[in-house]
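**Student:** okay, here's the prediction I keep looking at, along with the sequence it came from:
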Amino acid sequence: MAADSFTHALEVETDPNIFGAVNLNSFTGTTPARHLLKLTPGVPRDEHYDELAAIFRPIFAKIAAGASERDASRTLPFEPVGWLNRVRFGALRVPANQGGYGASVSDLFRLLIELAEADSQVAHLWRSHIGFVEAVLHLEDDALRHRWVERIVAGQIVGNAYTERGGNQLGTLNANVAQHGERWILNGEKYYCTGTIYADWVAVAVSHPTRAGRQIAVVSTQHSGVKIFDDWDGFGQQLTGTGSTTFENVPVDTFLPEEQQINDPESAIFQLVLLAVQAGITRAVLNDVRSAVQARTRSFSTGTGVPVRDEPQVLQLVGEISGTAFAVDSIVLAAVAEIEVALADPSLSAAERFAVCELSADRAQSVVQPLVLGAASKLFDGLGASATAKSCNLDRHWRNARTVATHNPAIYKSRIIGDYEVNGTAPQQLNAIGDVGQHKATEIVQNLG
């Protein structure tokens, strides 16, 4: 509808910069709505972002069209990953003069939220790649950075194999590298290898015979000694390739520099990806509840006798979900902005940068998770039992959000934040998840106070 006809229909003052008084009697069931809010709240118009969005939104739309069916049939999204790879989604952060798109951190995460709105599982599987690219951009070794930038610009994807399923002590790793002649050889088993089944390379957390602590060795997924299994059996995010990978005598292509492992803000970047996924899920919940209410003709005898789309309590519920989506977007993007500033601030030491990034992600995580889970559950309150039919697959939003929320559990984050606020305790970097023996458990409890 043209702007002038809309203004006339609602008797709004003609000053384009304000919304004047509205005659409520002019509202009818046929009055069309306008989307007056920006797609992403709190973010000013950005021509570069708009240019990037114009490239990727058609792909996001194709991905969204099959998201529910892929989830219901447990079909791994190799084809959607290929669509994104053809337009080099993985090269967003690489500077334009090096063959990438030159996207800012904020640009990247705004696009990632849009992708997660289309399909949270496709967005999630890029988690490791996004973290690895950020590490590459901060490499001081020019030759090493150039080699990896060339690979990323060519469309190659990097997966992740950090965590071991069990049998390793907290802070240690069983996967290891050993030198054979001039080559380093990797052996070990990993689980939670998100994205690796779609990747060309995989970054593996290993123990090293001469370097202390966790080291990151990058190997090709195409080597015959690498076996990738789709054995992730969680009830949500089933298509992210978060299964196990085994390595048998696999040659190491690259070690990330040892000094880069100290106070590396990678964990905050990883958490931001999950938060962007949660923001996208909340948007998808809003989309689905809006569409379902608009289409619904049946109502309840306990209602007010009006069509569901006019039922005041249903409209209130949809409004609450909309407010939640707005809040989640805003919180996530505020954390992204704070981390982006910290990454570019030369006055911060490595330890200070790690603390700023970690605390920003922790604060966002501690607040976002219950909001998203609440929206994904509230979705059903306005629709009734028919919305629980498997054919609707609306439960996927809660299942996926609940699964994402178990990563880096938020219950620990509030304690870390509180310890910083009260005692000035900086967040600690833990090299590896693992088993805790009784002696170690007692030590940790004593340290916690």
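**Tutor:** Nice, thanks for sending it over. Residues are numbered from 1 along each chain as shown.
**Student:** which residues sit in contact with the nearest residue to residue 314 once chain neighbours are set aside?
**Tutor:** Take residue 314 and drop its neighbours on the chain: the residue closest to it by CB to CB, 6 or more residues apart in numbering is residue 382, 4.4 Å away. To be clear about C-beta, it is placed using only N, CA and C from the backbone, and glycine gets the same treatment. By CB atoms under 8 Å, 6 or more residues apart in numbering, the contact list for residue 382 reads 289, 292-293, 308, 313-314, 317-318.
**Student:** again, but for residue 99
**Tutor:** Contacts here follow CB under 8 Å, 6+ apart; on that basis residue 99 touches 91, 149-150, 153.
**Student:** try it again with 10 Å
**Tutor:** Contacts for residue 99 (CB atoms under 10 Å, 6 or more residues apart in numbering) come out as 88, 91, 149-150, 152-154.
**Student:** lowest-scoring secondary structure element of the chain by mean pLDDT?
**Tutor:** helix 3-10 (a mean of 38; mean pLDDT, DSSP states H and E).
**Student:** show me what the next helix or strand after it is packed up against.
**Tutor:** Going down the chain from helix 3-10, the next helix or strand is helix 47-65, by DSSP states H and E. Judged by 3 or more CB pairs under 10 Å, 6 or more residues apart in numbering; DSSP states H and E, the packing partners of helix 47-65 are helix 78-86, helix 105-118, helix 120-124, helix 266-295.
**Student:** and the next helix or strand after the last one, how far out from the chain middle?
**Tutor:** I take that to be helix 266-295. Using DSSP H and E, the next helix or strand after helix 266-295 towards the C-terminus is helix 312-344. Remark: helix 312-344 is offset 14 Å from the chain centroid, using CA atoms, centre = their mean, to the nearest Å.
**Student:** can you check stretch 348-359 too?
**Tutor:** Computed by CA atoms, centre = their mean, the chain-centroid distance of stretch 348-359 equals 21 Å.
**Student:** what of stretch 345-356?
**Tutor:** Its chain's average C-alpha position is 23 Å from that of stretch 345-356, according to CA atoms, centre = their mean.
**Student:** mean confidence score for it?
**Tutor:** Stretch 345-356 shows an average pLDDT of 92 in the prediction.
**Student:** then stretch 143-161?
**Tutor:** 97.
**Student:** can you list the buried residues in that stretch?
**Tutor:** Neighbour counts using 16 or more other CB atoms under 10 Å place 145, 148-149, 151-153, 155-161 of stretch 143-161 among the buried residues.
**Student:** state the distance from residue 349 to residue 362.
**Tutor:** 19 Å (CB to CB, to the nearest Å).
**Student:** who has more neighbours, those two?
**Tutor:** Between residue 349 and residue 362, residue 362 has the larger neighbour count (other CB atoms under 10 Å), namely 24 against 9.
**Student:** report the contact partners of that one.
**Tutor:** Applying CB under 10 Å, 6+ apart, the residues near residue 362 are 267-268, 271, 335, 408, 410, 412-417, 420, 427.
**Student:** report the buried members of those residues.
**Tutor:** Judged by 16+ other CB under 10 Å, buried ones among those: 267-268, 271, 335, 408, 410, 413, 416-417, 420, 427.
**Student:** now the residues you listed as CSV including pLDDT and distance to residue 218?
**Tutor:** Listed next are the buried ones among the contacts of residue 362 as CSV, based on pLDDT from 0 to 100; distance: CB to CB, whole Å:
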residue, pLDDT, distance to residue 218
267, 91, 18
268, 95, 21
271, 96, 22
335, 96, 28
408, 82, 23
410, 83, 30
413, 91, 29
416, 93, 29
417, 94, 33
420, 94, 33
427, 90, 26
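**Student:** for stretch 53-63, buried residues please.
**Tutor:** Counting neighbours by 16+ other CB under 10 Å, stretch 53-63 gives 53, 56, 59-60, 63 as buried.
**Student:** nope, stretch 176-186 is what I was after
**Tutor:** Neighbour counts using 16+ other CB under 10 Å place 176-177, 184-186 of stretch 176-186 among the buried residues.
**Student:** my guess is residue 243 contacts residue 231. True?
**Tutor:** Yes - Residue 243 lies in contact with residue 231 (CB atoms under 10 Å); the separation is 4.3 Å.
**Student:** what do the two both touch?
**Tutor:** Residues touching both residue 243 and residue 231 (CB under 10 Å, 6+ apart): residue 191.
**Student:** so which of the two has more stuff around it?
**Tutor:** Under the neighbour definition other CB under 10 Å, residue 243 and residue 231 were set side by side, and residue 243 has more, 19 against 9.
**Student:** the more buried one: what secondary structure?
**Tutor:** On the three-state scheme (DSSP: H, G, I helix; E, B strand; the rest coil), residue 243 is labelled coil.
**Student:** residues touching it, list them.
**Tutor:** With contacts defined as CB under 10 Å, 6+ apart, the neighbours of residue 243 are 190-194, 196-197, 228-234.
**Student:** of these, closest to residue 340?
**Tutor:** Minimum distance to residue 340 across the contacts of residue 243 is 23.1 Å, recorded for residue 194 (CB to CB).
**Student:** backbone dihedrals for the closest one, please?
**Tutor:** Main-chain dihedrals, residue 194, degrees, to the nearest 10: phi -60, psi 130.
**Student:** compute the first-to-last residue distance for stretch 229-236.
**Tutor:** 17 Å (CA to CA, to the nearest Å).
**Student:** what residues sit buried inside it?
**Tutor:** Within stretch 229-236, the residues that count as buried by 16+ other CB under 10 Å are 232, 236.
**Student:** who touches it?
**Tutor:** 71, 74, 76, 120-121, 124, 191-194, 196-197, 238-246, 281, 395-406.
**Student:** re the thing from before, which ones among the contacts of residue 99 are found in helices?
**Tutor:** Secondary structure from DSSP state H places 149-150, 152-153 of the contacts of residue 99 in helices.
**Student:** would you mind giving these as CSV with distance to residue 388 added?
**Tutor:** Below are these laid out as CSV (distance: CB to CB, whole Å):
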residue, distance to residue 388
149, 48
150, 50
152, 43
153, 46
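**Student:** shouldn't residue 254 be in contact with residue 202?
**Tutor:** No - under the criterion of CB under 10 Å, residue 254 makes no contact with residue 202, lying 11.3 Å away.
**Student:** which one of these two is surrounded by more residues?
**Tutor:** Using other CB under 10 Å, the more surrounded residue of residue 254 and residue 202 is residue 202, with 29 against 16.
**Student:** which one is that one nearest to, not counting chain neighbours?
**Tutor:** Nearest to residue 202 is residue 159, by CB to CB, 6+ apart, at 4.3 Å.
**Student:** now the protein, which segments are flagged as low pLDDT?
**Tutor:** The chain contains residues with pLDDT under 70 at 1-45, 167, 169, 298-305, 430-434, 437-449.
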